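1. Using only what follows, build the 3D model:
(one chain, ligands or ions: 2)
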Amino acid sequence: MPIASLQWWPPHSFIITQPYSNLNPGQYLWSRNSFGRTRLRDILSRTSGRMVGVCAFDGREQGEFGGKLYLGMDFGTSGARYVVIDDLKRVHTEGKMEYPQFMNENAVDWASSWKTTLFSLLEDVPTGLRSFISSISIDGTSATTMIVDSKTGEPLHRPFLYNESCPDALPLVKSIAPANHTVCSGSSTLCKLVHWWNLHESNKESAILLHQADWLLWLLHGKLGVSDYNNALKVGYDPEVDSYPKWLASQPYAYMLPSVQAPGSSVGYLKEDVEVQFGFPKDCIACAGTTDSIAAFLAANATETGKAVTSLGSTLAVKLLSTTRVEDARYGVYSHRLDHRWLVGGASNTGGAVLRQLFTDEQLKGLSEKINPMQSSPLDYYPLPAVGERFPIADPNMEPRLHPRPECDVDYLHGILESIARIEARAYWLLKDLGATEVDEVFTAGGGAKNEKWIKIRERVLGLPVSRAIQTEAAFGAALLALKGAQPKSSLPLDR
Ligand SMILES: Nc1ncnc2c1ncn2[C@@H]1O[C@H](COP(=O)(O)OP(=O)(O)O)[C@@H](O)[C@H]1O
Ligand SMILES: O=C(CO)[C@H](O)[C@H](O)COP(=O)(O)O
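-> Ligands and ions are numbered 1, 2, ... in the order given. Next comes the predicted model:
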């Protein structure tokens, strides 16, 4: 019995256009090929009212569809998302979840929150699609650092979050690293590792370091101590020579450093219990991940040198595709490797987190509609959610500047959005001054990409074409890595 509400979009898949509650979950979605008929309830996500995109198969289309799907998961600042795509990069389903706030004494137990979110999102993937998922990859926030037991993978310390700073470790790190190296920032992964190392006298021999994405992927593939050269950049890994430099490898804690693979390369099959619990195929693999802003860059599909992606999430992260590598910790500038080119940029603490402190998403939408983006704001702020800035000013003691606050909230928001745009412009001018390829176009990812007025303000302030990326979700970029890792040439010898 066809479901009247289905609309075909694009030709090979359809979106349930009515809230779950309007449909009879017991209805069958008929398909005329090897997939047989699938109960609608098995395809729809359990979150009622959410748009669900699934692929309806028929013999004619199955060849195009190819029967393989790829799962990408993005663990951002405020929540996590997943996207499932096929060989033609078409989205078949997606979902998201805010992090549950598990408390451990008086602090959030982030490891438990991320682990719960991971398995809840896997549960959310429609069961009818899981048996086609060939590979999974995950991106996480950069420099989010975990010290875990080398045997059990259990955290030995609370995670150090991406924007935390450990200035006590900076003098020692600066004494071993080259001048202005990426690790010479209080928020670098190496500073967090050295901070932990100096805190603990005993029981260090069974400790290893992982990044957030590494640890989440370990929960799936079971191989402890594996990272990727994007996440490993801020602990000191050199992606140009594909190894840890001697000045780091000679340190007493070097044994804690993870092995490093290319993002998207296969790490191994899923653990049997994960495969069975969720109904993934026996040959489903986990692929090395990346950081959230690089996943957003991949999603935006900005493939030409000089193109850039600004991720307007909780933070403002810029990534410019450059032929030259630039690195200068004095300004929080570093370069990630992207195959044979460089993603030059950095991450500011300004961004959506400040907006969320002041306005709900609904208020943002309503107030933004009243802004005239062609009129410049006289208000001059430096919007930060708390003390401390990473880029384009690297100052852990920098104070937020959000006053004077005008009577009218439309003017206030206009001033904040324009001030963030000025920070973004300063970031791109700095990259050019430091020798990176000059930016000629900016695509936008993250939650802020939905704000058309902000895009117009940014276009005026930057003096460049600015647009919303076709794909604004970092999870789509992670799915592209999973797709890449599933290709035969990328696969490494696997255990089973
Ligand atoms: N209409 C809007 N205009 C500007 N920013 C917005 C709008 N709606 C949501 N946001 C911001 O987007 C951010 C969430 O973006 P997201 O990419 O999900 O963040 P993250 O991945 O860093 O958790 C929030 O901080 C929120 O303030
Ligand atoms: O701000 C952040 C969290 O969203 C991260 O710092 C962001 O991932 C930028 O780091 P990188 O440039 O290494 O990807």
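2. so how far is residue 362 from residue 196?
-> 41 Å (CB to CB, to the nearest Å). Quick note: C-beta positions are derived from backbone N, CA and C, even for glycine.
3. more crowded one of the two?
-> A side-by-side neighbour count of residue 196 and residue 362, using other CB atoms under 10 Å, places residue 196 first with 21 against 8.
4. So that one versus residue 256, what's the distance?
-> 9 Å.
5. Just the endpoints, please. Distance across stretch 395-414?
-> 25 Å (CA to CA, to the nearest Å).
6. how about it: buried residues?
-> 396, 398, 400, 402, 411, 412, 413, 414 (16 or more other CB atoms under 10 Å).
7. do stretch 291-304 as well
-> 291, 292, 293, 294, 295, 296, 297, 298, 299, 300, 301, 302.
8. And for stretch 165-172?
-> 165, 166, 169, 170, 172.
9. which stretches of the stretch 1-150 of the chain form strands?
-> 6-8, 14-16, 28-29, 38-39, 53-54, 69-75, 79-86, 91-98, 103-104, 107-108, 133-140, 145-149 (DSSP state E, counting those that start in this stretch).
10. Now do the last one and strand 133-140, the angle between them.
-> With axes from the mean of the first three to the mean of the last three CA atoms, to 10 degrees defining the directions, strand 145-149 sits at 120 degrees from strand 133-140.
11. What are the contacting residues of strand 145-149?
-> The contact list for strand 145-149, computed with CB atoms under 8 Å, 6 or more residues apart in numbering, reads 111, 154-157, 159-160, 189, 192-193, 196, 206-212, 214-215, 224, 235, 256.
12. Reformat the strands of the stretch 1-150 of the chain as CSV; add mean neighbour count and distance to residue 466.
-> Shown next, in CSV, are those (neighbours: other CB atoms under 10 Å; distance: least, CB to CB, whole Å):
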stretch, mean neighbour count, distance to residue 466
strand 6-8, 11, 31
strand 14-16, 18, 28
strand 28-29, 18, 40
strand 38-39, 16, 42
strand 53-54, 21, 28
strand 69-75, 29, 22
strand 79-86, 23, 23
strand 91-98, 20, 24
strand 103-104, 10, 40
strand 107-108, 12, 35
strand 133-140, 29, 23
strand 145-149, 23, 33
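13. for the stretch 351-496 of the chain, what spans make up the helices?
-> Remark: helices assigned in the stretch 351-496 of the chain by DSSP state H, counting those that start in this stretch are 352-358, 361-369, 409-433, 452-462, 474-485.
14. In helices, which of the contacts of strand 145-149 fall?
-> Per DSSP state H, helices hold the following members of those: 111, 189, 192, 193, 196, 212, 214, 215.
15. that older thread, select, out of the helices of the stretch 351-496 of the chain, the one closest to ligand 1.
-> Ranking these by proximity to ligand 1 (CB to the nearest ligand atom) places helix 352-358 first, at 2.3 Å.
16. buried stuff in the closest one?
-> Buried-residue list, helix 352-358, by 16+ other CB under 10 Å: 352, 353, 354, 355, 356, 358.
17. now swap in stretch 249-258 and tell me
-> 251, 253, 256, 257, 258.
18. In the buried residues of stretch 291-304, find the pair that's most separated.
-> Largest separation among these by CB to CB: 291 and 301, giving 17.5 Å.
19. For the buried residues of stretch 291-304, give me JSON lines that also has secondary structure and distance to residue 370.
-> Below are these laid out as JSON lines (DSSP: H, G, I helix; E, B strand; the rest coil; distance: CB to CB, whole Å):
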{"residue": "291", "secondary structure": "strand", "distance to residue 370": "35"}
{"residue": "292", "secondary structure": "helix", "distance to residue 370": "31"}
{"residue": "293", "secondary structure": "helix", "distance to residue 370": "30"}
{"residue": "294", "secondary structure": "helix", "distance to residue 370": "35"}
{"residue": "295", "secondary structure": "helix", "distance to residue 370": "33"}
{"residue": "296", "secondary structure": "helix", "distance to residue 370": "28"}
{"residue": "297", "secondary structure": "helix", "distance to residue 370": "32"}
{"residue": "298", "secondary structure": "helix", "distance to residue 370": "35"}
{"residue": "299", "secondary structure": "helix", "distance to residue 370": "30"}
{"residue": "300", "secondary structure": "helix", "distance to residue 370": "29"}
{"residue": "301", "secondary structure": "coil", "distance to residue 370": "33"}
{"residue": "302", "secondary structure": "coil", "distance to residue 370": "31"}
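20. And those residues, which is closest to ligand 1?
-> The nearest one, if we look at those relative to ligand 1 and count by CB to the nearest ligand atom, is residue 292, at 6.3 Å.
21. Show me where the protein dips below the pLDDT cut-off.
-> 1-66, 489-496 (pLDDT under 70).
22. Show me which residues of it are close to ligand 1?
-> For the chain, the residues in contact with ligand 1 (CB under 6 Å from any ligand atom) are 76-79, 313-314, 352-353, 355-356, 361, 364-365, 368, 446-448, 450-451, 454.
23. ok, 8 Å please
-> Residues of the chain found near ligand 1 (CB under 8 Å from any ligand atom) are 74, 76-79, 81, 141, 292, 311-315, 351-356, 359, 361, 364-365, 368, 417, 445-451, 454, 472-474.
24. so what's the closest residue to residue 470 other than its chain neighbours up against?
-> Distances taken as CB to CB, 6 or more residues apart in numbering place residue 301 nearest to residue 470, at 6.8 Å, with adjacent residues excluded. Under the criterion of CB under 8 Å, 6+ apart, the contact list for residue 301 reads 469, 470, 471.
25. Pick out the residue closest to the middle of this structure.
-> residue 292 (2.0 Å; CA atoms, centre = their mean).
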